[in-house]
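Visitor: give me the fold of what follows.
(one chain, ligands or ions: 2)
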Amino acid sequence: MKITSARVIVCSPGRNFVTLKIETDEGLTGLGDATLNGRELAVASYLQDHVIPCLIGRDPQQIEDIWQYLYKGAYWRRGPVTLSAIAAVDTALWDIKAKAANMPLYQLLGGKSRSKIMVYCHANGRDISHTVEEVLRHAEMGYTAIRAQSGVPGLDKVYGVGKGTTFYEPADADLPSEHDWSTEKYLRHTPKLFDAVREKIGWDHHLLHDAHHRLTPIEAARLGKDLEPYRLFWLEDLTPAENQEAFKLIRQHTTTPLAVGEVFNTIWDCKDLIQNQLIDYIRTTVVHAGGITHMRRIADFASLYQVRTGSHGATDLSPVCMGAALHFDLWVPNFGIQEHMPHNEETEAVFPHAYTFDRGFMYPGDVPGHGVDIDEALAAKYPYQRAYLPVNRLQHDGTLTSW
Ligand SMILES: O=C(O)[C@@H](O)[C@@H](O)[C@H](O)[C@H](O)CO
Ligand SMILES: [Mg+2]
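Guide: Ligands and ions are numbered 1, 2, ... in the order given. As a prediction, this is how the structure comes out:
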């Protein structure tokens, strides 16, 4: 079999997506997600101008060789742009291989390790009472795991809290919007949020929270300690994880489980966190961590240290990523949980898919491949619209800080 052509499809059905489509001389095609929120065109160009010329004529069945060729052959290794591009190729090739074998991707990976996939949703509110209402509403929908994020008194806008619509989309402006941030206000407020949520929802639901890289290690330790009475399923991205050692300090102070990794791109970004048991869940996902091939390496390494997967699944990861991730989730032995933010109607129409959601659990479907397609004619009706993620500045003096 040979790759005869490949093209990048950029569309914006409510938000931007970058999709790679690979075609073969046997009529089989494969899709990969290459979306990098706020830097989409960098990946589109990396694929179009540097990767696709190297793919034409290659045997699409040689997934591993192509992965190594694109990773080592680039010379400049790692990073979100490179690994999102490699991920798109890898995912498309696994899609083709599973279609050629006439089996759903999870079968090719090793078959089912579970009957369905537990997912967690986002319950966001402008204040504590609105967030509690949203948590209860999502519990009614059947979710057994619910992430709670609320507005913070004294702060105008914070990560994770939408403008009252169902679909929270942080990339909201043609240039980065600037939000005020106060760690003190956030640390005072968040324990009150979970006290109120636990009071109302009881103990039969998993609760999660995303600190979104905004704390220093000692502030992170403080939050982890303050939230211990509420038995969270995990606290995510407590502090920027470039310095993996920072998590030693957090670990010394709290037993709240820790999740990190949605911004990671290779096993090297998380090797020390995993082997030193500094985290409990690894959040890498198919589109930003080199595709199925590299995700398997990360998951197998994590399993040696009883670290479980908890893949990122925000709406800025396309249904192609979600579809491939669900096949991975069905197979991976050390599965923890899958993030699930439903895409809007336009996106669902552009990306028809076999995966389903049913009362807090998902299933990838049993069609050959990863089960996600793209309606190119419809995609063309939604042209790219530049959009940036916000930045944060400290409220008291304007210092630029993590969003
Ligand atoms: O855990 C999450 O879902 C968030 O961290 C993401 O929504 C993140 O803010 C976006 O993916 C950024 O594009
Ligand atoms: Mg996150």
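
Visitor: top helix in this structure by residue count?
Guide: helix 80-100 (DSSP state H).

Visitor: dump the helix or strand following that helix to PDB, restricted to CA.
Guide: Once helix 80-100 ends, the next helix or strand along the chain (criterion: DSSP states H and E) is helix 105-109. Written as PDB, here are the backbone C-alpha positions of helix 105-109 (Å, rounded to 0.1, in the frame of the first residue of the first chain):
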ATOM      1  CA  LEU A 105      -8.800   0.600  16.400                       C
ATOM      2  CA  TYR A 106      -9.100  -0.700  20.000                       C
ATOM      3  CA  GLN A 107      -9.000  -4.300  18.600                       C
ATOM      4  CA  LEU A 108      -5.700  -3.600  16.900                       C
ATOM      5  CA  LEU A 109      -4.300  -2.100  20.100                       C
END
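
Visitor: just the mean pLDDT for helix 105-109, thanks.
Guide: Averaged across helix 105-109, pLDDT comes to 98.

Visitor: use 313 as the first number from now on
Guide: All right, first residue 313 from here; so that's helix 417-421.

Visitor: quick check: the residue nearest to the spatial centre of the chain vs Asn588, distance?
Guide: Nearest to the mean C-alpha position of the chain, counting by C-alpha atoms, centre = their mean, stands His624 at 2.3 Å. Distance, His624 to Asn588, by C-beta to C-beta, to the nearest Å: 22 Å. All C-beta atoms are positioned from the backbone trio N, CA, C, and that covers glycine.

Visitor: contacts only, for the residue nearest to the centre of the chain.
Guide: Gly573, Glu574, Arg595, Thr596, Thr597, His600, Glu651 (C-beta atoms under 8 Å, 6 or more residues apart in numbering).

Visitor: which ones among those residues also lie next to ligand 1?
Guide: Glu574, Glu651 (C-beta under 6 Å from any ligand atom).

Visitor: what's the farthest-apart pair in the contacts of His624?
Guide: His600 and Glu651 (12.9 Å; C-beta to C-beta).

Visitor: more neighbours: those two, which one.
Guide: His600 (30 against 25; other C-beta atoms under 10 Å).

Visitor: hmm, Thr566 is touching Ile530, no?
Guide: No. Between Thr566 and Ile530 there is no contact under C-beta atoms under 8 Å: 11.4 Å.

Visitor: could you count how many residues lie near the residue in the stretch 463-612 of the chain that ligand 1 sits nearest to?
Guide: Using C-beta to the nearest ligand atom, the closest approach of the stretch 463-612 of the chain to ligand 1 is made by Asp522 at 4.8 Å. Neighbourhood size, Asp522 [other C-beta under 10 Å]: 21.

Visitor: so what's it up against?
Guide: Applying C-beta under 8 Å, 6+ apart, the residues near Asp522 are Arg459, Gln461, Tyr471, Gly472, Glu548, Asp549.

Visitor: could I get the contacting residues of the spatially closest residue to the residue nearest to the centre of the chain that is not a sequence neighbour?
Guide: Computed as C-beta to C-beta, 6 or more residues apart in numbering, the closest residue to His624 that is not its neighbour in sequence is Glu574, at 3.7 Å. Contacts for Glu574 were tallied using C-beta under 8 Å, 6+ apart; they are Glu548, Asp549, Arg595, Thr596, Thr597, His600, His624, Ala626.

Visitor: go with 10 Å
Guide: 522, 524-525, 548-549, 553, 594-597, 600-601, 622-626, 629, 651 (C-beta atoms under 10 Å, 6 or more residues apart in numbering).

Visitor: among these, which lie within strands?
Guide: In strands, defined here by DSSP state E, the members of the contacts of Glu574 are Asp522, Glu548, Ile594, Glu651.

Visitor: mind putting those in JSON lines, pLDDT and distance to Asp361 included?
Guide: Listed next are those as JSON lines, based on pLDDT from 0 to 100; distance: C-beta to C-beta, whole Å:
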{"residue": "Asp522", "pLDDT": "98", "distance to Asp361": "35"}
{"residue": "Glu548", "pLDDT": "98", "distance to Asp361": "35"}
{"residue": "Ile594", "pLDDT": "98", "distance to Asp361": "32"}
{"residue": "Glu651", "pLDDT": "98", "distance to Asp361": "32"}
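
Visitor: residue boundaries of the strands in the stretch 413-562 of the chain?
Guide: 429-437, 457-462, 490-493, 518-522, 546-548 (DSSP state E, counting those that start in this stretch).

Visitor: circling back: neighbour count winner among Thr566 and Ile530?
Guide: In this comparison of Thr566 against Ile530, neighbours counted by other C-beta under 10 Å, the higher total goes to Thr566 at 19 against 12.

Visitor: now the more buried one: closest residue in space that isn't a chain neighbour?
Guide: Closest to Thr566 by C-beta to C-beta, 6+ apart is Gly536, at 3.1 Å.

Visitor: all set, thanks.
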